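Participant: 3D model of this:
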Amino acid sequence: MHKLEPVKYLKHMFLKPVERRFIAVRLSSRRSLHGLRQRTSRLVKGEKGVVAILVALLLPAIFGMVALTTDLGIAFSTRRQLQNASDAAALAGARDMALSLGQATAIASATNYVNSNISGAEITGIDIDEVAREITVSTRRNDPAVFARVFGINLMNITATATAHWYHPDYVLNKLCPIGIEASVFQLAYDNDNPNYDSDGDGIYDVTLVDIQIGTQPGNWGWLDWNGPPLSADTLAEWLGPPCTMPPGETVWGEDSDHPEWSLEPGDTGVKNNVWIRKALDDWIDSGESMPIVVWQVSEKQGGNTTYEILRFAAFRLVGYNLPQGRIWGYYVEGEWDDTWVVGGGDSGNDYG
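Facilitator: Numbering: from 1, shown residues only. Next comes the predicted model:
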């Protein structure tokens, strides 16, 4: 019998069984991985079938969403154009009514504005209420559907409505600026047949800019003196700064107000030019807001003894001035009367605002 050395004995007793256990574990791991692959493969094949069913079920809904998005986008674009055309038409009709041109002229102007701003539109109504002083323009256009036809929707009926008011203030007792402009200047700016100024910076001439010289003749302008002569530059600056102020109890009446005291307002055609007047005018220009002013039709006398026969009131957007030369320039703004300016409304003629 051979005697084993200790090292060899240990190798014989322990190493070989360990190797056998390692081989057994490795074989068991391979079987487990193979089973996992089989189960995963069956699961993936099953999920593919479920996804195919879901896609088949959801496809009509997905197509419907695409159709809705596309056709609604077209409808919204048309609706915006239709509303803009209706707004412009209502304003044009209101302007004609304010100028006392009659309903036929107002309807013709409104129709022309709709046709000029959108093609293929139908005017479904132009309603004028002379008691409420409002005109309502209703329009419609049928646009063909693109994708929605699959669901039986062939046409999209798109409508828009716009209402504009014309307002004739009889008198003003708050925030009226001490500037009077002769009526023919505002008639020129109001008609606006030949716009020469871009008021909103979009590169399109949209208003008539008027350059007015101080004086008492047709086409001139001048200062108004709420307290009567003499008119100091400091007092003028105080009244002129935005918002303009009037002395307590001062009321200015328009000619057509049927009021026995319709105004012959004192004025001053002298050049007033100090730092505070210039600051007040600069503040109006910087504000981008309209100045509520007087429109006069007849003036009497000269200088500090001038009187103005008040005709109407107007909203005027000041653009620039040159006081040493007695010049101001700006444009009329339609429909910008503020309720805080005007306290009385009645049957006076054009209000230019």
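
Participant: switch to C-alpha atoms for all contacts and neighbour counts from now on
Facilitator: OK.

Participant: any stretches of the stretch 101-250 of the chain with poor pLDDT?
Facilitator: Low-confidence segments of the stretch 101-250 of the chain, defined by pLDDT under 70: 147-148, 150-151, 167-174, 190-193, 249-250.

Participant: what about the strands in it?
Facilitator: Along the stretch 101-250 of the chain, counting by DSSP state E, counting those that start in this stretch, strands occupy 122-129, 134-144, 155-165, 169-172, 179-182, 210-214, 220-224.

Participant: my guess is N322 contacts R278, does it?
Facilitator: No. Under the criterion of C-alpha atoms under 8 Å, N322 is not in contact with R278, lying 9.4 Å apart.

Participant: which one of those two has more residues nearby?
Facilitator: Remark: of N322 and R278, R278 carries more neighbours, 18 against 12, as counted by other C-alpha atoms under 10 Å.

Participant: list the buried residues for the helix or strand hosting the more buried one?
Facilitator: Secondary-structure element containing R278, defined by DSSP states H and E: helix 275-287. For helix 275-287, burial by neighbour count (16 or more other C-alpha atoms under 10 Å) applies to W276, I277, R278, A280, L281, D282, D283, W284, I285.

Participant: then stretch 120-133?
Facilitator: Buried, per 16+ other C-alpha under 10 Å, within stretch 120-133: A121, E122, I123, I126, I128.

Participant: now do the longest strand seen in the chain, average pLDDT.
Facilitator: When the chain is scanned for its longest strand (criterion: DSSP state E), the result is strand 307-322. Averaging pLDDT along strand 307-322 gives 86.

Participant: partners of it in the sheet?
Facilitator: strand 264-268 (antiparallel), strand 291-300 (antiparallel), strand 327-332 (antiparallel) (DSSP bridges).

Participant: what angle separates it from helix 275-287?
Facilitator: 70 degrees (axes from the mean of the first three to the mean of the last three C-alpha atoms, to 10 degrees).

Participant: only alpha carbons, please: show strand 307-322 as CSV.
Facilitator: C-alpha atoms of strand 307-322 as CSV (Å, rounded to 0.1, in the frame of the first residue of the first chain):
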residue,chain,number,x,y,z
THR,A,307,-62.9,133.6,-29.7
TYR,A,308,-63.8,130.2,-31.2
GLU,A,309,-67.2,128.9,-32.1
ILE,A,310,-67.1,125.3,-31.0
LEU,A,311,-68.4,122.8,-33.5
ARG,A,312,-67.5,119.3,-32.4
PHE,A,313,-64.9,117.4,-30.3
ALA,A,314,-62.2,115.0,-31.6
ALA,A,315,-59.6,112.5,-30.6
PHE,A,316,-56.2,113.7,-31.9
ARG,A,317,-52.9,111.8,-31.9
LEU,A,318,-50.0,114.3,-31.7
VAL,A,319,-46.9,113.3,-33.6
GLY,A,320,-44.8,116.4,-33.5
TYR,A,321,-44.6,120.2,-33.1
ASN,A,322,-42.5,123.3,-33.7
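
Participant: which positions in it come out as buried?
Facilitator: For strand 307-322, by 16+ other C-alpha under 10 Å, it's 307-319, 321.
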